[in-house]
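[1] Okay, predicted coordinates and the sequence, questions at the end:
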Amino acid sequence: MPEASESSIEIRLAVPADGPALGAAIKRIDGETEYLGEPGEALPWTGRESDYLRELEEKGAGIYIVALDGEEIVGFLGAFAGWLARNRGVIYIAHIGLRTAYRGRRLGGRLFDAVEAWARERSAHRLELQVAEGNRRALALYHRQGFAIEGTMVDSFRGSGRSYDCHLMGKLLVDFPAPVSSGVPSQTQLPVAAAPAAAFALRPLRAEDWRELRVWETVLLRDTPFLLKTRSCRRSVSKRTSPMPWSTSGVISWRRRSSRTGASASSATPMSRSSRSRAWRIWASSSSACCRPIGDAASDAPSPPGSTPGRASAG
């Protein structure tokens, strides 16, 4: 057991210079618990930890908080803000780890106190996380920090030869405002356009679909007030280094690159498999606002209004 007292452990925001030490700590803690990455498993940013911390800081997208015993990182907490204006006030605590020898010394509570202070400084209204149902030590910590179980996900992840159910837990940082009527009829009152199943096609999104996808998204955002993404997000997301995976800007930028290089739209791959799958699900939605009958996609597409501008393992 380390000799250092609780008060001698420093809790602070990680900076780019902490990258190598953070990577070493994650690797070591993964080998001490069954609830994080498999031993030796790499994160997407493994090997470029300093660059990743710098990107988080520059974009305001999230933070890592570290617990240090001298120069050694013995614990960490990674938290990330939502991408869009409507969920930017939600902070998702996605990556938590603490060396076994340092447990039971309130370091977990101090890490959570630090992330809550950071969230409040940026006017966040909610913290949330996922935790394996059998992780009793973590559950006890989260309850002490004011989190409540809001649901359970069956077979949420698998590892060590077994399946794990996970609880979704949340903590509101501000009082929930009274609901405001949007003036929009409920879903049961909305007219449903009847169409035979044969009139619609389900297929992966292709690069040449970019114009139709943009028109569809414009109409959808104009007519649907319940989505996380709003019309204003189309302006803000284009300024980000990493846009939403299925955004039309990603399709358009790929189309421009393929035009310069002479790549074929039918043979090249504009997005990763997971991004294509997500875009395909959106494109194939059965809503009358986002489906196009076969052969009529170009002819009956409405013009955009003139005023419309052109989420690691849980601990």
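    Sure, I can see it.
[2] Run through the helices of the chain in chain order.
    19-30, 49-59, 107-121, 136-144, 210-223, 231-237, 248-261, 273-283 (DSSP state H).
[3] Can you dump the C-alpha atoms of the first one in CSV for me?
    What follows is helix 19-30 as a C-alpha-only set of coordinates in CSV (Å, rounded to 0.1, in the frame of the first residue of the first chain):
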residue,chain,number,x,y,z
GLY,A,19,-0.2,12.6,-22.2
PRO,A,20,2.5,9.9,-21.9
ALA,A,21,1.8,9.4,-18.2
LEU,A,22,-1.9,9.2,-18.8
GLY,A,23,-1.4,6.6,-21.4
ALA,A,24,0.7,4.5,-19.0
ALA,A,25,-1.8,4.9,-16.2
ILE,A,26,-4.7,3.8,-18.5
LYS,A,27,-2.7,0.7,-19.6
ARG,A,28,-1.8,-0.2,-16.0
ILE,A,29,-5.4,0.3,-14.6
ASP,A,30,-6.9,-1.7,-17.5
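[4] which parts of that helix are buried?
    Buried residues in helix 19-30, counted by 16 or more other Cβ atoms under 10 Å: Gly19, Ala21, Leu22, Gly23, Ala25, Ile26, Lys27, Arg28, Ile29, Asp30. Bear in mind the C-beta positions are built from the backbone N, C-alpha and C, glycine included.
[5] and what of the second one?
    The neighbour-count criterion (16+ other Cβ under 10 Å) identifies Glu49, Ser50, Tyr52, Leu53, Glu55, Leu56, Glu57 as the buried residues of helix 49-59.
[6] and of the buried residues of helix 19-30, the nearest to Arg105?
    Each of the buried residues of helix 19-30 was scored against Arg105 by Cβ to Cβ, and Ile29 proved nearest at 15.3 Å.
[7] just for the stretch 151-300 of the chain, where's the confidence low?
    Judged by pLDDT under 70, the stretch 151-300 of the chain has its weakly predicted residues at 177-199, 231-300.
[8] wait, Ala132 sits on Leu36?
    No - taking contacts as Cβ atoms under 8 Å, Ala132 lies outside contact range of Leu36: 10.2 Å.
[9] The chain: strands as residue ranges?
    Remark: strands assigned in the chain by DSSP state E are 10-13, 62-69, 72-81, 90-98, 126-132, 148-159, 162-172.
[10] Tabulate those strands in CSV, adding columns for distance to Ala140.
    Output for the strands of the chain, formatted as CSV (distance: least, Cβ to Cβ, whole Å):
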stretch, distance to Ala140
strand 10-13, 20
strand 62-69, 18
strand 72-81, 16
strand 90-98, 13
strand 126-132, 10
strand 148-159, 12
strand 162-172, 12
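[11] For Leu111, which of those is the nearest?
    Smallest distance to Leu111 across the strands of the chain (Cβ to Cβ): 4.3 Å, for strand 72-81.
[12] before we move on, the earlier item: check pLDDT for the buried residues of helix 19-30 and point me to the minimum.
    Note: of the buried residues of helix 19-30, the lowest pLDDT belongs to Asp30, at 90.
[13] Neighbours of the closest residue to Ala25 other than its chain neighbours, how many?
    Excluding its sequence neighbours, the residue lying closest to Ala25 (Cβ to Cβ, 6 or more residues apart in numbering) is Ile73, at 3.9 Å. Neighbourhood size, Ile73 [other Cβ atoms under 10 Å]: 23.
[14] ditto for Phe157
    Residues near Phe157, counting by other Cβ under 10 Å, number 14.
[15] OK, contacts around it?
    Ala132, Ser163, Tyr164, Cys166, Ser313 (Cβ atoms under 8 Å, 6 or more residues apart in numbering).
[16] for Leu98, same thing?
    Contacts of Leu98 (Cβ under 8 Å, 6+ apart): Ile29, Ala67, Val74, Gly75, Leu107, Gly108, Leu111.
[17] Ok, Thr46 next?
    Contacts here follow Cβ under 8 Å, 6+ apart; on that basis Thr46 touches Gly23.
[18] Apply 6 Å and report the result again.
    The contact partners of Thr46, taken as Cβ atoms under 6 Å, 6 or more residues apart in numbering, number zero.
[19] re earlier: any chance of CSV for the buried residues of helix 19-30, columns distance to Arg12?
    CSV is the format used below for the buried residues of helix 19-30 (distance: Cβ to Cβ, whole Å):
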residue, distance to Arg12
Gly19, 15
Ala21, 13
Leu22, 12
Gly23, 17
Ala25, 14
Ile26, 17
Lys27, 21
Arg28, 19
Ile29, 18
Asp30, 22
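[20] quick one: which two of those are the most distant?
    Gly19 and Asp30 (16.7 Å).
[21] quick one on the thing from earlier: now render the buried residues of helix 49-59 as JSON lines, adding pLDDT and distance to Asp223.
    Listed next are those as JSON lines, based on pLDDT from 0 to 100; distance: Cβ to Cβ, whole Å:
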{"residue": "Glu49", "pLDDT": "96", "distance to Asp223": "43"}
{"residue": "Ser50", "pLDDT": "97", "distance to Asp223": "45"}
{"residue": "Tyr52", "pLDDT": "96", "distance to Asp223": "38"}
{"residue": "Leu53", "pLDDT": "97", "distance to Asp223": "40"}
{"residue": "Glu55", "pLDDT": "95", "distance to Asp223": "35"}
{"residue": "Leu56", "pLDDT": "95", "distance to Asp223": "35"}
{"residue": "Glu57", "pLDDT": "93", "distance to Asp223": "37"}
